[in-house]
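*Asks:* Quick one: sequence plus predicted model below, questions after.
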Amino acid sequence: MKLYNVKLLTITCEILAQKNIIEILNNHEITGYTTYEVDGNGARGIRGQGLKTEKNVKVEVIMREEKLQDVVEEISRTLFANFAIVLYVSDVGIVRTEKF
């Protein structure tokens, strides 16, 4: 089985930023992503235990490296100042390149 190298962009953010994140992905013609609610503890304390607007979400996107830099730059430039966001990139191998 041959694996092809791509990037996994993982964004953990407060739920109020989710719409903005997805809008940025759509603006860069990235339509495939996975989101789910997460709990955790960090610099801003325990998250996900109270109101719906206090929850965190994780957005995972598998993408080719060509689009990665522009997406990360736009998220950091437009959202970091106003939202709690942790963003990281991992190398992953995929089998079906036509999906990405």
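*Replies:* Arrived safely. Numbering: from 1, shown residues only.

*Asks:* all strands of this protein, in order?
*Replies:* Secondary structure of the chain by DSSP state E: the strands cover 4-14, 34-38, 40-42, 45-47, 56-63, 85-94.

*Asks:* helices and strands around the first one, which ones?
*Replies:* Right, strand 4-14. strand 56-63, helix 65-79, strand 85-94 (3 or more Cβ pairs under 8 Å, 6 or more residues apart in numbering; DSSP states H and E). All C-beta atoms are positioned from the backbone trio N, CA, C, and that covers glycine.

*Asks:* Strand partners (parallel or antiparallel) of that strand?
*Replies:* Partner strands and pairing direction for strand 4-14 (DSSP bridges) are strand 56-63 (antiparallel), strand 85-94 (antiparallel).

*Asks:* Looking at the strands of the chain, which is nearest to residue 25?
*Replies:* Closest approach to residue 25 among these (Cβ to Cβ): strand 56-63, 6.5 Å.

*Asks:* what about this structure, any weak spots by pLDDT?
*Replies:* By pLDDT under 70, the low-scoring segments of the chain are 41-53.

*Asks:* hmm, try it at 90
*Replies:* Under the criterion pLDDT under 90, the flagged ranges of the chain are 1, 31, 39-55, 97-100.

*Asks:* what residue is smack in the middle of it?
*Replies:* In the chain, the centroid-proximal residue (Cα atoms, centre = their mean) is residue 11; its distance is 3.0 Å.

*Asks:* show me the contacts for residue 67.
*Replies:* Each residue near residue 67 by Cβ atoms under 8 Å, 6 or more residues apart in numbering is listed here: 28, 29, 30.

*Asks:* Point out the most buried one among the helices and strands packed on strand 4-14.
*Replies:* Highest mean neighbour count of these: strand 56-63, a mean of 19 (counted as mean count of other Cβ atoms under 10 Å).

*Asks:* That one relative to strand 34-38, how many degrees between them?
*Replies:* Going by axes from the mean of the first three to the mean of the last three Cα atoms, to 10 degrees, strand 56-63 is angled at 160 degrees with respect to strand 34-38.
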